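Asks: my questions are about this predicted structure, shown below with the sequence.
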Amino acid sequence: MKRRDFIQQASAGTALVTLGSLGLQSFTSLNNTTKITILHTNDVHSHIDTFEEGRNANKGGVARRASLIDSIRKENPNTLLLDAGDIFQGTPYFNYYGGELEFKLMSKLKYDAATIGNHDFDNGIDGLFAQLPHAKFQFISANYDFSNTIMDTQTKPYQVFQKNGIKIGVFGLGIELNGLVAPNMFKETKYLNPLEISQDMSRILKTEEKCDLIICLSHLGYNYRNSNKISDLSLAKATKDIDLIIGGHTHTFLPKPTIVKNSDNKNVLVNQVGCYGIYLGKIDFYFDSDKNKSANGTSIIV
Amino acid sequence: MRFTHFLFLLYFLSFLNCKDEKLKIIKIEGQQIIISDSLILDGEIENFIKPFRDNIQKDLDSILAYSAGTYSKTDGELNTAVGNFMADAIYSEANPIFKSRTGHDIDMVIFNHGAIRSALNKGNVSKRTAFELMPFENTVVVIAIKGTQIDSLIDFLRTSKTAHPVSKLKLVLNQEFKIMEAKIKGKNIDKNRIYYVATSNYVYSGGDNMSFFKPNDSVYRLDYKIRNTLIDKFIKLDTIEPVIDDRFIQIK
């Protein structure tokens, strides 16, 4: 009798302690919605300085972008900064320094990842490789097979980021290089079907990596009218489990992100910010526990 | 006893509850933020860029000519003033080099509309202008092709309905985009003749799907950057005043 009391008391004690910690956890997630901010650029094309003249006068510039990103990060440390490719080519900075300054500045701005655009091959695959030591961010590309090239092992198909307990999976897609880049520039880079790769990637990120947020960083192009060429819009419709496609290549200035229904009839956001660092894309995802989710589902404000 | 049971119940309830508690996206907000001059310049970044910028500026900013207007590649349907200027500059600057090396003249020039990367803006023109128009390291190549391939070239222009810049070629289409007139240097195209067509190494290697250069008799690589043809042209001119003309048009 005495012994049984002791066990009961001990168990009760354990239960209390465990309950306490669990209670605290659910308390924080109940009351604090977690906000993840995704910042993105694309097709900056070596535009480091603010435009001095023309229709984009007084717009753009890395030093101004830096202060904007800084203030956003101060407001929300749970921020990712991504680039959708074509970092190179467009101003003398590239012609004189081969992309060194572009990568150094992106590193200073603390970019988390970038995918590879067709113009990033403009000094050949060797020219891209030569600048990699200046990049302190990850290059991600799931559909370029670099295994027979100097870029082998330099890129990852995807990267998973943890921000305040939230897992964000980002995978990269590049455009078909044949017809766009001279074969002696991309050498033995193999282009793999973006649709098939996306289906693999979203499955891996959803079921194996258990990501809460899945982002496709694409240089496929926003949309091709009267063509069956794969684009961000067609990819969004034909896949599932992707929450956001950040695009590039077509220099599309979207007034706001596009909402597309995927193959599961769920919403996907497709965004692109034109080119030359004139805009910064900002997508905020608010996370909460399932039980706090409103009956209306996710509200999208664009 | 009863209190302990209650605690056990609470423990299991909260355990189950937590297992179910998956994080979900409840709200998404998206916006495009303009990088305007109301944003502060980050001093550290600015200081980091400065030596790179100064070094380039020294080389780029000496004034070479004056542009009478602003010429954009979107002004014009099948030919544009800026495209005409560039194609004509490739012809006039590259032809003497080609002739001295081979004894032949360039018959015509074609390159891709997408290669024009900015407008030619009104005002002073410098090396920088050439970099803006043609930032790529593309070089001039001259390809010897048969008259039958010129037909494929013309067919490409006809079906692409794009203002790909040309020089020394005259192409007139009717309402149905059928060829009404096709001439090189004022003469009808001879299917049996060899033509020397200047283009960029990008186009030659199949860029923008211009696939009519292969097979060919020979390829002459001039090792002359297209940008440098523009710079050399700027040096020779005081005022640049290109026009949209009738070299590639559709009669409506």
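Replies: Perfect, I can see it now.

Asks: now do the helices in chain A.
Replies: Listed in chain order, the helices of chain A (DSSP state H) span residues A:2-31, A:62-75, A:92-97, A:100-108, A:124-131, A:183-186, A:194-203, A:232-238.

Asks: oops, could you answer that again for chain B instead?
Replies: Counting by DSSP H, the helices of chain B are B:2-20, B:43-60, B:81-102, B:127-133, B:147-160, B:201-204, B:226-236.

Asks: export those helices as a markdown table, with columns for mean neighbour count.
Replies: Glycine gets a C-beta too; all of them are placed from N, C-alpha and C. Listed next are the helices of chain B as a markdown table, based on neighbours: other C-beta atoms under 10 Å in any protein chain shown:
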| stretch | mean neighbour count |
| --- | --- |
| helix B:2-20 | 12 |
| helix B:43-60 | 14 |
| helix B:81-102 | 20 |
| helix B:127-133 | 22 |
| helix B:147-160 | 17 |
| helix B:201-204 | 24 |
| helix B:226-236 | 19 |
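
Asks: can you list those helices in CSV and add distance to chain A?
Replies: As requested, the helices of chain B are exported to CSV (distance: least, C-beta to the nearest C-beta, whole Å):
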stretch, distance to chain A
helix B:2-20, 4
helix B:43-60, 4
helix B:81-102, 13
helix B:127-133, 5
helix B:147-160, 13
helix B:201-204, 7
helix B:226-236, 8
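
Asks: how near is the closest residue to B:V219 other than its chain neighbours to B:H104?
Replies: In space, B:V219 comes closest to B:I143 once its chain neighbours are excluded; the distance is 5.3 Å by C-beta to C-beta, 6 or more residues apart in numbering or on different chains. Using C-beta to C-beta, to the nearest Å, we find B:I143 at a distance of 12 Å from B:H104.

Asks: need the residues touching each of those two.
Replies: Overlap between the neighbourhoods of B:I143 and B:H104 consists of B:Y196, taking contacts as C-beta atoms under 8 Å, 6 or more residues apart in numbering or on different chains.

Asks: looking at the two, which is more packed in?
Replies: Set B:I143 next to B:H104 and count neighbours by other C-beta atoms under 10 Å in any protein chain shown: B:I143 wins out with 21 against 15.

Asks: and the nearest residue to A:K156 once chain neighbours are set aside, how many residues sit next to it?
Replies: In space, not counting the residues next to it along the chain, A:K156 is nearest to A:I140; the distance is 5.3 Å by C-beta to C-beta, 6+ apart. Other residues within reach of A:I140, judged by other C-beta under 10 Å, total 22.

Asks: before we move on, back to that, among the helices of chain B, show the one with the smallest mean pLDDT.
Replies: Per-segment mean pLDDT for those reaches its minimum on helix B:2-20, at a mean of 51.

Asks: can you tell me the average pLDDT over stretch B:24-40?
Replies: Stretch B:24-40 comes out at a mean pLDDT of 96.

Asks: ok, is that stretch in contact with chain A or not?
Replies: Yes - contact of stretch B:24-40 with chain A (C-beta under 8 Å from any C-beta of the partner chain) involves B:24-37, B:39-40.

Asks: counting neighbours, which of those residues end up buried?
Replies: Members of the residues of stretch B:24-40 next to chain A that pass the buried threshold by neighbour count (16 or more other C-beta atoms under 10 Å in any protein chain shown) are listed as B:24-30, B:32-33, B:35, B:39.

Asks: strands of chain A, start to end?
Replies: Using DSSP state E, the strands of chain A run over A:34-41, A:79-83, A:113-114, A:138-139, A:144-145, A:158-163, A:166-173, A:190-191, A:213-218, A:244-246, A:258-261, A:267-271, A:279-289, A:299-301.

Asks: could those go into CSV alongside mean neighbour count and distance to B:K168?
Replies: Below are the strands of chain A laid out as CSV (neighbours: other C-beta atoms under 10 Å in any protein chain shown; distance: least, C-beta to C-beta, whole Å):
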stretch, mean neighbour count, distance to B:K168
strand A:34-41, 23, 41
strand A:79-83, 23, 42
strand A:113-114, 26, 43
strand A:138-139, 20, 44
strand A:144-145, 20, 40
strand A:158-163, 18, 51
strand A:166-173, 25, 41
strand A:190-191, 14, 37
strand A:213-218, 28, 41
strand A:244-246, 28, 44
strand A:258-261, 16, 44
strand A:267-271, 23, 44
strand A:279-289, 21, 41
strand A:299-301, 12, 55
